[in-house]
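In: Kindly return the folded structure for what I paste below:
(chains A and B)
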Amino acid sequence: MSHNPESTLKWYIAVFLFLMVMTGLTVAVAKMDLGAMNDVVMLVIAVAKALAVILIFMHVKDSTRVTALTVVGGFVWLGILIFFTLNDYLSRGDLLLNVPGK
Amino acid sequence: MASTAFDTHLEGPHGAHGGHHHPSLQHQFDSLEQQKESSTLGMWMFLVTEIMFFGALFTAYVIYRSLFHGVFATASHHLDVTLGAINTAVLIGSSLTMALSIRAAQLNRRKTIVLFLLLTILLGGTFLGIKSVEYGHKFHDHLVPGPHFAPEDPAIQAVADKAQVFFSLYFIMTGIHALHMIIGIGLLTWLAIASWRGRFDSTYYTPLECTGLYWHFVDIVWIFLFPLLYLIGAHAR
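Out: Predicted coordinates for the structure are as follows:
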């Protein structure tokens, strides 16, 4: 971990401002009709915010490699969970037949 | 305990040589640094299980959203974007104060640690207060899934069954998120007391660090919940 208090303060303030601006941006963009791009922009902004929090506030930028690997591993498993579940659901043509209220 | 290959592999030389033993150093560790490293790694392992826990809910959201795309957008209109955005800002602010409390520990500023922890608690409480106001509105508008689900909006009535799926996900995801915050505020209260008693300084602040990781994680969950629940229908309002 880097312990230079001056540089950590600058980083923390910078991340805080970045997160605030990105929150404003995501609300502004959500009010425009971009079709399917609405979801893409929204998720890109959310991922950028999450990365800033993880790297700076959660100190992963200055962590050991085994910690960083653990973090990456967690999100890889999340990707597997979502990807393969969707792979199953979205490839079933008759899925909606059994949904109540359809 | 001799310096092992594993030890040197982590961070170079550690100084647990003889004499002075830091009161916070547990006997199974060679040094405070190694101890902090182990705790941080363990905390991240826990957070990975949390990622998978919330991940299952996000997966459910993705599936139902892909099935009921239009209904989710219509139902999303009934969430208050302004309150949601304010709460996002409040939570981001609380992450900043949390990070600053750890910085205060690194700088040996005891009272500043306590101050920033109290600010974090205050912001967390503000978030929960606003959240409860929002929940109140949902109950008032009969938007809570179940036998009393009876929204006035005809656009919702027409697709009531599917809209209840949206509101079920809304209440479960934000409810479990709020539960995490309540637990976090409990931890922060304990830390504020321990900090006031001078438990933490630049040599030892691992509990602050690990609670900080938890608090920031909860912030990240909200960073995804806010757009996915509140903003998906905003352009059609």
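In: Let me know how buried B:Ala234 is, in neighbour terms.
Out: When neighbours are defined as other C-beta atoms under 10 Å in any protein chain shown, B:Ala234 has 23 of them. The way it works is simple: take the backbone N, C-alpha and C, and place the C-beta from them, glycine included.
In: give the contact list for it.
Out: A:27, A:30-31, B:76, B:81 (C-beta atoms under 8 Å, 6 or more residues apart in numbering or on different chains).
In: repeat that with 6 Å
Out: A:30-31 (C-beta atoms under 6 Å, 6 or more residues apart in numbering or on different chains).
In: separation between it and A:Ser7?
Out: Between B:Ala234 and A:Ser7 the distance is 38 Å, computed by C-beta to C-beta, to the nearest Å.
In: Which pLDDT value belongs to B:Ile51?
Out: Model confidence at B:Ile51, given as pLDDT, is 97.
In: element containing it, please.
Out: Element membership for B:Ile51, per DSSP states H and E: helix B:32-67.
In: May I see the buried residues of whichever helix or strand comes after that helix?
Out: Next in sequence after helix B:32-67, counting helices and strands by DSSP H and E, comes helix B:69-76. Buried residues in helix B:69-76, defined by neighbour count with 16 or more other C-beta atoms under 10 Å in any protein chain shown: B:71-76.
In: Let's have those in JSON lines, adding pLDDT.
Out: Below are the buried residues of helix B:69-76 laid out as JSON lines (pLDDT from 0 to 100):
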{"residue": "B:Val71", "pLDDT": "94"}
{"residue": "B:Phe72", "pLDDT": "95"}
{"residue": "B:Ala73", "pLDDT": "93"}
{"residue": "B:Thr74", "pLDDT": "93"}
{"residue": "B:Ala75", "pLDDT": "95"}
{"residue": "B:Ser76", "pLDDT": "95"}
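In: Model confidence for the residue sitting nearest the centre point of chain A, exactly?
Out: The residue lying closest to the centre of chain A (C-alpha atoms, centre = their mean) is A:Val47, at 2.7 Å. Looking at A:Val47, its pLDDT reads 98.
In: Could you pull out the helices in chain B for me?
Out: For chain B, the helices defined by DSSP state H occupy B:5-11, B:32-67, B:69-76, B:81-106, B:110-140, B:154-157, B:160-196, B:206-225.
In: Quick one: list the elements packing against the last one.
Out: When you say that, I think you mean helix B:206-225. In this structure, helix B:206-225 makes packing contacts with helix A:37-52, helix B:32-67, helix B:81-106, helix B:160-196, judged by 3 or more C-beta pairs under 6 Å, 6 or more residues apart in numbering or on different chains; DSSP states H and E.
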